[in-house]
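K.L.:
Got a predicted model here, sequence first, then my questions.
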Amino acid sequence: MKPSNSLSNLTPKTIKGLKPILALVILSFFAACSSSGREGVEEEQFANYWYQGKAEINVFDLQQSRYGEVRSGKAVMIFVTEDFSKSKQVKLDNPQDRPSDAQKVMKLNMTRDFVTGVYPYQTMLSVFTPVYEEVPSPKLTASVTEWCGQSFSQLNFKSGKYNAKLFSYFESEGDVESKIDAKAEEELFNLIRLNPDLVPMGNIKLIPSLIFQRFSHIPLKAEEATLSKKDLGSNQGEIEVIYSKIGRKISIRYQQFFPFEILGFTETWTKSDGKQEVTTATRTNMQMLEYWKQNEKVYEPLRKDLGL
């Protein structure tokens, strides 16, 4: 005898109505199964926002300091969750086929676009941070392209350290490999999105921003940094990172309630001659989009909606 609530008694219409609910339940189930219980990540709240099949697109007015002058431009931060291969450190095409190799990550893709005189600059940063495992981001990449040439950096976390590779059109910097025992500064953006309380405070070793490293041409290595947090009021907080030796400071503003949106950041570089270069980014627009499906001309007006 079958129970009265058997699935066999559900009508096609009822099943169709349940599909969105079932999808969320399944996503939450798999996320929970992969969880090692990273403190500060509330699963139900996190899943409802980040597992709805969309990416969060944040657009910023950028005032980028370069060559002693401030250049107006745009920065974009795209936050999205995806399944990442632990062994290959790339996005998994079919995670259901390799569940033991899959880990859920928060991915940040960040671009900056601005012009210096007659020629343009484009930068892109990618950071992959585990949602549940309390381990460093397995991978970070960064590229800088402009009319003089291009450079590319990649950090892969293996055996307790980052394997760093740097490729550049500059003779003195090109094709360099090293191992670095430190956390990565640009992981902080993702940690804030998971929960600002996950950001370590005090004196620690950090790998400075890969984009800053390309602009400043300082060696790619760990530096001593001091991290602090302050309450700005109006439900806003700020995390500040200071590198005394290299003269770098970055302050990141965020909302103090879930989903801990990034509202802006300020970078200050005090050079050896005492001159300062200050870069600011202030958020102007945010939308949740399935942008990878919106690649036809009909969707181009969305760029105007985003302020791009």
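P.N.:
In hand now; what should we look at? Numbering: from 1, shown residues only.

K.L.:
For burial, what's the neighbour tally of residue 107?
P.N.:
For residue 107, the number of neighbouring residues by other C-beta atoms under 10 Å comes to 19. For every residue, glycine as well, the C-beta is placed using N, CA and C.

K.L.:
what do you get for residue 139?
P.N.:
With other C-beta under 10 Å as criterion, residue 139 counts 22.

K.L.:
What distance do you get for it to residue 284?
P.N.:
To residue 284, residue 139 is 29 Å away according to C-beta to C-beta, to the nearest Å.

K.L.:
Please apply the same query to residue 69.
P.N.:
22 Å.

K.L.:
Tell me which of the two has more neighbours.
P.N.:
Counted by other C-beta under 10 Å, residue 69 and residue 284 do not tie: residue 284 has more neighbours, with 13 against 10.

K.L.:
is it fair to say that one lies in a strand?
P.N.:
Yes. Assigned with DSSP: H, G, I helix; E, B strand; the rest coil, residue 284 falls within a strand.

K.L.:
can I assume it is in contact with residue 60?
P.N.:
Yes. Using C-beta atoms under 8 Å, residue 284 is in contact with residue 60, at 6.6 Å.

K.L.:
Residue 200 touches residue 183, doesn't it?
P.N.:
Yes. Using C-beta under 8 Å, residue 200 is in contact with residue 183, at 7.5 Å.

K.L.:
Those two: who's more crowded?
P.N.:
residue 183 (20 against 12).

K.L.:
In which helix or strand does the residue lying closest to that one once chain neighbours are set aside reside?
P.N.:
Leaving out its chain neighbours, the residue that sits closest to residue 183 by C-beta to C-beta, 6 or more residues apart in numbering is residue 206, at 5.6 Å. Taking DSSP states H and E as the definition, residue 206 sits inside strand 202-207.

K.L.:
Can you give me the buried ones in that strand?
P.N.:
206-207 (16 or more other C-beta atoms under 10 Å).

K.L.:
Then stretch 223-242?
P.N.:
223, 225, 227, 236-239, 241-242.

K.L.:
of those, closest to residue 270?
P.N.:
Of all the buried residues of stretch 223-242, residue 242 has the smallest distance to residue 270: 10.4 Å, by C-beta to C-beta.

K.L.:
quick one, the stretch of helix or strand that closest one belongs to and strand 202-207 angle?
P.N.:
Following DSSP H and E, one finds residue 242 within strand 236-243. Angle between the axes of strand 236-243 and strand 202-207 is 70 degrees (criterion: axes from the mean of the first three to the mean of the last three C-alpha atoms, to 10 degrees).
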